[in-house]
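> Give me coordinates for this.
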Amino acid sequence: MRLNCDLGESYGSYTMGMDAEVMPHIHLANVACGFHGGDPLTLQRTLTLAARHGVTVGAHPSYPDLIGFGRRSMHLSREELVADILYQVAALDGMAASTGVQLEYIKPHGALYNDMMANAEVREGVMQAVATYHRPLKLMLLATPGADQHRDEAEQAGVSGLLFEAFADRCYDDDGSLLSRRKPGAVHDRESTLTQVRQLLHDRSVTSISGHRLALEADTICVHGDNIEGVRAIEAIRAIVDEA
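Numbers count the residues shown, from 1 in each chain. Predicted coordinates for the structure are as follows:
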């Protein structure tokens, strides 16, 4: 089981996350592409950090929503959505290659990720973008009880492969989606986070908000290092993963 984290999201004078502290403890870095965060210098520094620590890099594209940090849904045409994703991925891919790093996958950010999971048309657009990129890249998406359907969709779209992720610190709704952050208990405390990680590793499942066991086929666990407590949690999660 590999750990992934969203990184490279600082922009100008705005610092987001603790990239240097997080990078030594993860396996996969989802690097912003400029549309929700990540100015060119930040991306270059993040890619250099990834290379130094041997961390696999993926593109983390979003809706064109820098002001809203990519957290607002946008109604784009299929043509616009595909072009926006390809533009972001190509930019990061070129910077990565110039840093000696090869881009391996794409993980949409924020509202685009949520819309991809909830809306088949958006998901089709994302998969079309991944499939039409000039070389094979995998798509990372949420591990849910509907994984088989998502595999079929990816195969039909021509996507080379999927990476299914679970979340260490997020509570799950009964349908396998992430519980909305607007609802109480959406984000776990440290103890509950570590408990969920152990359950994912040893039982391949999570417990939903109502106490139901949800079987999940996860390839990777998403962690968040927005502050020092988050970094310490990542260190503890990595220790659990390494012992499993």
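
> tell me the contacts of the most centrally placed residue in the chain?
Taking C-alpha atoms, centre = their mean, the centroid of the chain lies closest to Lys107, which sits 4.8 Å from it. Under the criterion of C-beta atoms under 8 Å, 6 or more residues apart in numbering, the contact list for Lys107 reads 4, 30, 58-60, 113, 139-141, 163, 165. Any C-beta I mention is one placed from the backbone N, CA and C, and that applies to glycine too.

> list the contacts for Met127?
Taking C-beta under 8 Å, 6+ apart, we find Met127 in contact with 139, 153-154, 157, 159.

> from those residues, which single one is nearest His224?
Leu139 (20.7 Å; C-beta to C-beta).

> on contacts alone, who are the packing partners of the longest helix along the chain?
Looking across the chain with DSSP state H, the single longest helix is helix 78-98. In terms of contacts (3 or more C-beta pairs under 8 Å, 6 or more residues apart in numbering; DSSP states H and E), helix 78-98 is packed against helix 40-53, strand 56-60, strand 103-106, helix 120-132.

> Comparing the ones you listed, which stretch has the densest surroundings?
Highest mean neighbour count among the helices and strands packed on helix 78-98 (mean count of other C-beta atoms under 10 Å): strand 56-60, with a mean of 25.

> quick one: strands adjacent to that one?
strand 28-32 (parallel), strand 103-106 (parallel) (DSSP bridges).

> Nearest to His224, out of these?
Among the strands paired with strand 56-60, strand 28-32 sits nearest to His224 (C-beta to C-beta), with 11.0 Å.

> picking up where we left off before, who wins for proximity to Ala218 among the helices and strands packed on helix 78-98?
So among the helices and strands packed on helix 78-98, strand 103-106 is nearest, using C-beta to C-beta, at 14.5 Å.

> can you give me the mean pLDDT across that closest one?
In this model, strand 103-106 has an average pLDDT of 98.

> So which residues make contact with that strand?
28, 56-61, 85, 89, 92-93, 96-97, 126, 129-130, 137-140, 163.

> Swap in 10 Å and give it another go.
4, 28, 30-31, 33, 47, 56-61, 85, 88-90, 92-97, 126-127, 129-130, 133, 135-141, 159-163, 220 (C-beta atoms under 10 Å, 6 or more residues apart in numbering).

> Any of those buried? List them.
4, 28, 30-31, 33, 47, 56-61, 85, 88-89, 92-93, 95-96, 126-127, 129-130, 133, 137-141, 159, 162-163, 220 (16 or more other C-beta atoms under 10 Å).

> Extract the C-alpha trace of the longest helix of the chain and format it as PDB.
Only the C-alpha atoms of helix 78-98 are listed here, as PDB (Å, rounded to 0.1, in the frame of the first residue of the first chain):
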ATOM      1  CA  ARG A  78     -16.600  18.300 -22.900                       C
ATOM      2  CA  GLU A  79     -14.200  20.000 -25.300                       C
ATOM      3  CA  GLU A  80     -13.200  22.600 -22.600                       C
ATOM      4  CA  LEU A  81     -12.800  20.000 -19.900                       C
ATOM      5  CA  VAL A  82     -10.500  17.800 -22.000                       C
ATOM      6  CA  ALA A  83      -8.500  20.700 -23.200                       C
ATOM      7  CA  ASP A  84      -8.100  22.100 -19.700                       C
ATOM      8  CA  ILE A  85      -6.800  18.800 -18.400                       C
ATOM      9  CA  LEU A  86      -4.500  18.200 -21.300                       C
ATOM     10  CA  TYR A  87      -3.000  21.700 -21.000                       C
ATOM     11  CA  GLN A  88      -2.200  21.300 -17.200                       C
ATOM     12  CA  VAL A  89      -0.800  17.800 -17.600                       C
ATOM     13  CA  ALA A  90       1.400  18.700 -20.500                       C
ATOM     14  CA  ALA A  91       2.800  21.700 -18.600                       C
ATOM     15  CA  LEU A  92       3.700  19.600 -15.500                       C
ATOM     16  CA  ASP A  93       4.900  16.700 -17.700                       C
ATOM     17  CA  GLY A  94       7.400  19.000 -19.500                       C
ATOM     18  CA  MET A  95       8.700  20.500 -16.200                       C
ATOM     19  CA  ALA A  96       9.000  17.000 -14.700                       C
ATOM     20  CA  ALA A  97      11.000  15.700 -17.700                       C
ATOM     21  CA  SER A  98      13.300  18.700 -17.400                       C
END
